[in-house]
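1. Sequence and predicted structure are below.
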Amino acid sequence: METTYERAGDLNASGQRLKEDAVDAAGRIKNVAADEIRNLIADVEDLIARLADLNDADVATMRSKVLATVESAKETLTDGTEALRRQAQRAVSGADDYVRESPWAAVGLAALVGAVVGILVARRS
(Lines give C-alpha, C1' and ligand atoms only; values in the text may rest on other atoms or scores of the structure.)
Protein backbone atom coordinates (compact mmCIF):
# COMPACT_ATOMS: atom_id res chain seq x y z
CA MET A 1 0.00 0.00 0.00
CA GLU A 2 1.32 3.43 -0.97
CA THR A 3 1.92 5.88 1.88
CA THR A 4 0.73 9.47 1.96
CA TYR A 5 4.36 10.60 1.72
CA GLU A 6 4.86 8.64 -1.51
CA ARG A 7 1.68 10.09 -2.99
CA ALA A 8 2.79 13.60 -2.06
CA GLY A 9 6.12 12.90 -3.76
CA ASP A 10 4.29 11.78 -6.90
CA LEU A 11 2.19 14.96 -6.84
CA ASN A 12 5.29 17.06 -6.32
CA ALA A 13 6.98 15.42 -9.29
CA SER A 14 3.84 15.92 -11.39
CA GLY A 15 3.67 19.56 -10.35
CA GLN A 16 7.31 20.04 -11.28
CA ARG A 17 6.74 18.46 -14.71
CA LEU A 18 3.69 20.68 -15.21
CA LYS A 19 5.73 23.73 -14.31
CA GLU A 20 8.52 22.76 -16.71
CA ASP A 21 6.02 22.08 -19.50
CA ALA A 22 4.31 25.43 -18.95
CA VAL A 23 7.61 27.31 -19.00
CA ASP A 24 8.65 25.42 -22.14
CA ALA A 25 5.34 26.16 -23.90
CA ALA A 26 5.48 29.84 -22.97
CA GLY A 27 9.03 30.01 -24.29
CA ARG A 28 8.03 28.42 -27.59
CA ILE A 29 5.07 30.77 -28.00
CA LYS A 30 7.28 33.75 -27.24
CA ASN A 31 9.90 32.60 -29.75
CA VAL A 32 7.36 32.05 -32.53
CA ALA A 33 5.75 35.44 -31.94
CA ALA A 34 9.11 37.18 -31.80
CA ASP A 35 10.24 35.47 -35.02
CA GLU A 36 7.08 36.54 -36.83
CA ILE A 37 7.47 40.13 -35.70
CA ARG A 38 11.15 40.13 -36.65
CA ASN A 39 10.20 38.84 -40.11
CA LEU A 40 7.62 41.60 -40.47
CA ILE A 41 10.14 44.23 -39.41
CA ALA A 42 12.72 42.85 -41.86
CA ASP A 43 10.15 42.97 -44.67
CA VAL A 44 9.25 46.58 -43.84
CA GLU A 45 12.93 47.54 -43.71
CA ASP A 46 13.44 45.88 -47.11
CA LEU A 47 10.50 47.84 -48.51
CA ILE A 48 11.94 51.06 -47.15
CA ALA A 49 15.32 50.30 -48.71
CA ARG A 50 13.63 49.78 -52.08
CA LEU A 51 11.78 53.07 -51.70
CA ALA A 52 15.04 54.91 -50.99
CA ASP A 53 15.67 55.23 -54.72
CA LEU A 54 12.51 57.28 -55.20
CA ASN A 55 12.98 61.02 -54.75
CA ASP A 56 9.41 62.12 -54.27
CA ALA A 57 8.94 64.29 -51.13
CA ASP A 58 5.84 62.36 -50.04
CA VAL A 59 7.72 59.05 -50.32
CA ALA A 60 10.59 60.47 -48.24
CA THR A 61 8.16 61.64 -45.57
CA MET A 62 6.40 58.28 -45.51
CA ARG A 63 9.76 56.52 -45.37
CA SER A 64 10.77 58.55 -42.30
CA LYS A 65 7.48 57.78 -40.55
CA VAL A 66 7.75 54.07 -41.29
CA LEU A 67 11.35 53.96 -40.03
CA ALA A 68 10.30 55.64 -36.79
CA THR A 69 7.43 53.17 -36.40
CA VAL A 70 9.73 50.20 -37.03
CA GLU A 71 12.18 51.43 -34.38
CA SER A 72 9.31 51.89 -31.94
CA ALA A 73 8.04 48.38 -32.74
CA LYS A 74 11.47 46.92 -32.05
CA GLU A 75 11.61 48.60 -28.64
CA THR A 76 8.06 47.53 -27.82
CA LEU A 77 8.84 43.96 -28.84
CA THR A 78 11.82 43.85 -26.52
CA ASP A 79 9.85 45.34 -23.62
CA GLY A 80 6.78 43.17 -24.28
CA THR A 81 8.80 39.98 -24.48
CA GLU A 82 10.39 40.65 -21.11
CA ALA A 83 7.03 41.53 -19.54
CA LEU A 84 5.46 38.35 -20.95
CA ARG A 85 8.31 36.26 -19.57
CA ARG A 86 7.91 37.80 -16.09
CA GLN A 87 4.12 37.27 -16.12
CA ALA A 88 4.50 33.64 -17.21
CA GLN A 89 7.06 33.01 -14.47
CA ARG A 90 4.75 34.57 -11.85
CA ALA A 91 1.82 32.47 -13.04
CA VAL A 92 3.81 29.25 -13.00
CA SER A 93 5.31 30.09 -9.63
CA GLY A 94 1.86 30.83 -8.19
CA ALA A 95 0.47 27.56 -9.53
CA ASP A 96 3.47 25.68 -8.16
CA ASP A 97 3.06 27.29 -4.73
CA TYR A 98 -0.65 26.45 -4.70
CA VAL A 99 0.01 22.81 -5.60
CA ARG A 100 2.66 22.55 -2.88
CA GLU A 101 0.41 24.13 -0.24
CA SER A 102 -2.80 22.30 -1.21
CA PRO A 103 -1.95 19.14 -3.14
CA TRP A 104 -5.36 17.52 -2.66
CA ALA A 105 -7.21 20.63 -3.74
CA ALA A 106 -4.99 20.75 -6.84
CA VAL A 107 -5.79 17.11 -7.60
CA GLY A 108 -9.50 17.84 -7.19
CA LEU A 109 -9.28 20.88 -9.42
CA ALA A 110 -7.39 18.90 -12.05
CA ALA A 111 -10.04 16.17 -11.92
CA LEU A 112 -12.80 18.75 -12.29
CA VAL A 113 -11.10 20.39 -15.28
CA GLY A 114 -10.54 16.96 -16.82
CA ALA A 115 -14.20 16.06 -16.35
CA VAL A 116 -15.36 19.32 -17.95
CA VAL A 117 -13.02 18.86 -20.90
CA GLY A 118 -14.19 15.25 -21.25
CA ILE A 119 -17.83 16.33 -21.28
CA LEU A 120 -17.15 19.03 -23.87
CA VAL A 121 -15.22 16.63 -26.10
CA ALA A 122 -17.95 14.00 -25.78
CA ARG A 123 -20.59 16.56 -26.82
CA ARG A 124 -18.69 17.46 -30.00
CA SER A 125 -18.23 13.83 -31.04
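-> The structure has been received and is ready for your questions.
2. what about A34, distance to G80?
-> Applying C-beta to C-beta, to the nearest Å, the value for A34 to G80 is 9 Å. The way it works is simple: take the backbone N, C-alpha and C, and place the C-beta from them, glycine included.
3. and what of K74?
-> 11 Å.
4. same for the helix or strand of the chain with the lowest mean pLDDT, what does it pack against?
-> Of all helical and strand segments in the chain, the minimum by mean pLDDT, DSSP states H and E falls on helix 4-51, at a mean of 71. Here helix 4-51 touches helix 57-101, helix 103-124, going by 3 or more C-beta pairs under 8 Å, 6 or more residues apart in numbering; DSSP states H and E.
5. Just say which of these is most tucked in.
-> Highest mean neighbour count among the helices and strands packed on helix 4-51 (mean count of other C-beta atoms under 10 Å): helix 57-101, with a mean of 13.
6. and that helix with helix 4-51, angle?
-> 180 degrees (axes from the mean of the first three to the mean of the last three C-alpha atoms, to 10 degrees).
7. Which of the helices and strands packed on helix 4-51 sits closest to E20?
-> helix 57-101 (9.0 Å; C-beta to C-beta).
8. relative to helix 103-124, how tilted is the closest one?
-> Using the same axes, to 10 degrees: helix 57-101 against helix 103-124 is 120 degrees.
9. chain center to helix 57-101: distance?
-> 11 Å (C-alpha atoms, centre = their mean, to the nearest Å).
10. other SSEs contacting it?
-> helix 4-51, helix 103-124.
11. Centroid-nearest residue for this structure?
-> Of all residues in the chain, the one closest to the mean position by C-alpha atoms, centre = their mean is A26, 3.8 Å from it.
12. residues contacting the closest residue to that one other than its chain neighbours?
-> Among residues not flanking A26 along the chain, A88 sits closest, at 4.1 Å (C-beta to C-beta, 6 or more residues apart in numbering). For A88, the contact set (C-beta atoms under 8 Å, 6 or more residues apart in numbering) comprises 22-23, 26.
13. thinking again about what came up before, reformat the helices and strands packed on helix 57-101 as JSON lines; add distance to L84.
-> What follows is these, written out as JSON lines (distance: least, C-beta to C-beta, whole Å):
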{"stretch": "helix 4-51", "distance to L84": "6"}
{"stretch": "helix 103-124", "distance to L84": "24"}
